[in-house]
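Fold the stuff below for me.
(chains A and B)
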2 protein chains.
Amino acid sequence: MKDNPKVAIVAGCDSKFSKNTEKSIFDIAMEPCVSLFKNKKNGKINKDNLDAVIFSSCTEEQYTSSILSEMIGIKPKISQRLDNLCNSGSNAIINAYSYIVSGLCESVLVVGAEKTTTSGKRLAWDISRGNFSSPIYWASLFARMHMRKFGTTEEQMAHVVVKNRNNGRKNKNALTYNEKKVGLEDVLSSKKISDPIKKLDCSQVCEGASAILLTSSRRIKEFTDNPVWIKGIGHQTSCASFGNIVDEILTSSPAKQASNLAFKMAGIGPSNIDVAEIHDAFSILEIMAYEDLGFVKRGFGGKYAEKNLITINPRGGLIGMGHPLGTTGISQAVEIFSQLSNIDKKRKQRNYQKTGIIHNLAAAGTSASVIILGVD
Amino acid sequence: MKDNPKVAIVAGCDSKFSKNTEKSIFDIAMEPCVSLFKNKKNGKINKDNLDAVIFSSCTEEQYTSSILSEMIGIKPKISQRLDNLCNSGSNAIINAYSYIVSGLCESVLVVGAEKTTTSGKRLAWDISRGNFSSPIYWASLFARMHMRKFGTTEEQMAHVVVKNRNNGRKNKNALTYNEKKVGLEDVLSSKKISDPIKKLDCSQVCEGASAILLTSSRRIKEFTDNPVWIKGIGHQTSCASFGNIVDEILTSSPAKQASNLAFKMAGIGPSNIDVAEIHDAFSILEIMAYEDLGFVKRGFGGKYAEKNLITINPRGGLIGMGHPLGTTGISQAVEIFSQLSNIDKKRKQRNYQKTGIIHNLAAAGTSASVIILGVD
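Residues are numbered from 1 along each chain as shown, chains lettered A, B, ... in the order given. Presented below is the predicted three-dimensional model:
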């Protein structure tokens, strides 16, 4: 029997994230694909010999992956669309990983794209939410729970926003690029939407696309001298409805379970992480993620937000970058790839970065994905 | 390094296929899942320890796989929806296979479900079709090409219909169950819709669901004594638009390429196949499939349809069973599983059946999947 190959990300690109343009989902999806195959930094990357195109999106369009393949001008073996709301992108990456390890594919293009009007924003199926179908309602409940149980403050949440908005304004692809610098007071005085969540605590659903190319260790030399390897993967789905997640979200949450699985597979611990992309649809979620990922013990996420110990959400996170649902997990991977590889040094906040982590959630954290990436 | 596990189907169920009921996509999807876990023939099957739920559907609903998991009462690691029009189901099975071989999962539930009103019926995205967006137009072009080039006759196509309708009327889950026996004359005199395609040459889009459970060779003894192994997989996407497929559809079609890959992986040839499930959305497609799968040389599919050499489409195919888009590939697998295993002997047309094949297409055959199954 043959040895299982390792799997690496060898290239990644984002489109410019924006809002409510007239572009079709396919026009949006093509942007990072064109960049990826044209970018001179991606010297050895070309579109020949791609075995699969996996498209991540909540779009209502049909046959999207095959249409995209035709537009790119490739004839992959496998072509499929995949979705799971906000963590669709992470699912697609894990799917690509499994295709390569299983031997069915050697090289896979993973593309995420979303329109601002994505139907993934509607959560009408979850009757346990009653009339409170907007995500901000569960975010405000989580925030209140965290404040009551652990003494977390609105100011600590504001620290997350300040960091992510100010990372976003330096990222030319971010929705908040070039916006004015945001301070704690700006966040705390922004309009209260559902107490204690204020306008600046929220990410904005937007449109945008990201693409990454993955290949096997068998073929790596044909693509790059700077691979970023997938070291660990963790996934957990607890339920779909808010009513069923609320009891475990601050204890053995899906994100905690996914994190444990990913660290076990990678054979490392939270202290080995140099850079993280965290799902901060609302600032409280980043604080909860610090705990779920084991950066601090449960309850200490608020205090951790006041420090700046490792590079967290350097592209701006969802709050600074914008949140095109099916794209987000892939954009997170583009950023960790950029941070760890030596191809692209922009936004690299620390020189010595060997290991990164991606944390992604869907639907009130009812499902979660964690991916650990590293350079040798 | 560890050896790659083999992957087997250990259980499979269909719902009753029907048309335009008031059921939700989730109600439909639950039917085969309930059957699968309740069926006493599936002695060792239970819903504990399922690592993934993969949902195949063209539905516009969101977070479907997680909702389905909650309804079943399981907490899988991986949960995602996947689609690629009419061959969504085969994609989902191949996805499950790769998750198991990669070591990320041991056991995966694959469920397909569709409403009659599925938006997968709309092909407006393919501007190369002009005003001829209905699938029957490309089917009539393919039929005319085959007739002109190889002398195939309308009567030969009618042979496919007679076989599949009469298999369907004996299958209690089929859309055509208990309908009156169909003869060649009935087909030939049925209403001409787009010359030479007549009403009875067409499958009907309908609603229905199917579910299969897959597991690894490491865990097989916990589930069954009658596994049906996945022996070969082939996939090919050539394009999305009709305008780009027409030149190769009767030569090196995606189905032909997928078939070659699957046979190579399985290490066997077409003469080893005892039972086949073929995508017959229109009768001409089954004739083309005989050629693509290598049962006969190119051009001899029409003559092959007049014979009845091996068991083909015993559940009725798409023409007899009905065609709920994302469900079809999984229902095909349910049937081959039933035919090869010793659990369920209904519809078994020959006693000595060791190897089966599944052939599935999407969108005018622009993409194709072939899966070879076998018992040891």
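
What lies in contact with the worst-scoring helix or strand of chain A on mean pLDDT?
Least confident element among the helices and strands of chain A, by mean pLDDT, DSSP states H and E: helix A:242-245 (a mean of 88). For helix A:242-245, contacts defined as Cβ atoms under 8 Å, 6 or more residues apart in numbering or on different chains pick out A:126, A:128-129, A:138, A:238-239, A:253-254, A:363-366, B:70. C-beta: built from backbone N, CA, C; applies to glycine.

in that helix, what's buried?
Residues of helix A:242-245 classed as buried: A:Phe242, A:Asn244, A:Ile245 (neighbour count, 16 or more other Cβ atoms under 10 Å in any protein chain shown).

same question, stretch A:280-292
A:280-292.

Of those residues, just say which sits nearest to B:Ile220.
Taking Cβ to Cβ as the measure, A:Asp292 is the one of the buried residues of stretch A:280-292 closest to B:Ile220, at 34.4 Å.

okay, that closest one: pLDDT?
pLDDT, A:Asp292: 98.

same check, this time on A:Lys38
If you check A:Lys38, the pLDDT there is 89.

State the distance from it to chain B.
Distance of A:Lys38 to chain B, computed by Cβ to the nearest Cβ, to the nearest Å: 22 Å.

who's in contact with that residue?
Under the criterion of Cβ under 8 Å, 6+ apart, A:Lys38 has no neighbours.

Same question for the one 4 residues further on.
Counting by Cβ under 8 Å, 6+ apart, A:Asn42 touches A:Val10, A:Ala11, A:Leu36, A:Thr224, A:Ile343.

Nearest residue to the middle of chain A?
Centroid check for chain A by Cα atoms, centre = their mean gives A:Gly329 as the closest residue, at 2.9 Å.

Toward the C-terminus, what is the element adjacent to the helix or strand encompassing A:Leu285?
Secondary structure from DSSP states H and E places A:Leu285 in helix A:283-292. Toward the C-terminus, helix A:283-292 is succeeded by helix A:301-306 as the next helix or strand (DSSP H and E).

What is the distance between that following helix and the centre of its chain?
The chain centroid and the centroid of helix A:301-306 are separated by 21 Å under Cα atoms, centre = their mean, to the nearest Å.

what helices or strands is it leaning on?
Helix A:301-306 sits against helix A:135-150, helix A:154-168, helix A:283-292, with contacts defined as 3 or more Cβ pairs under 8 Å, 6 or more residues apart in numbering or on different chains; DSSP states H and E.

can we see that at 7 Å?
helix A:154-168, helix A:283-292 (3 or more Cβ pairs under 7 Å, 6 or more residues apart in numbering or on different chains; DSSP states H and E).

For chain B, which of those is the nearest?
With Cβ to the nearest Cβ as the criterion, chain B lies closest to helix A:283-292 of these, at 15.5 Å.

Up against chain B, what does the stretch 51-200 of chain A have?
Selection of the stretch 51-200 of chain A residues close to chain B by Cβ under 7 Å from any Cβ of the partner chain yields A:58, A:60-63, A:65-67, A:69-70, A:75-85, A:91, A:95, A:97-99, A:101-102, A:104, A:119-120, A:122, A:125.
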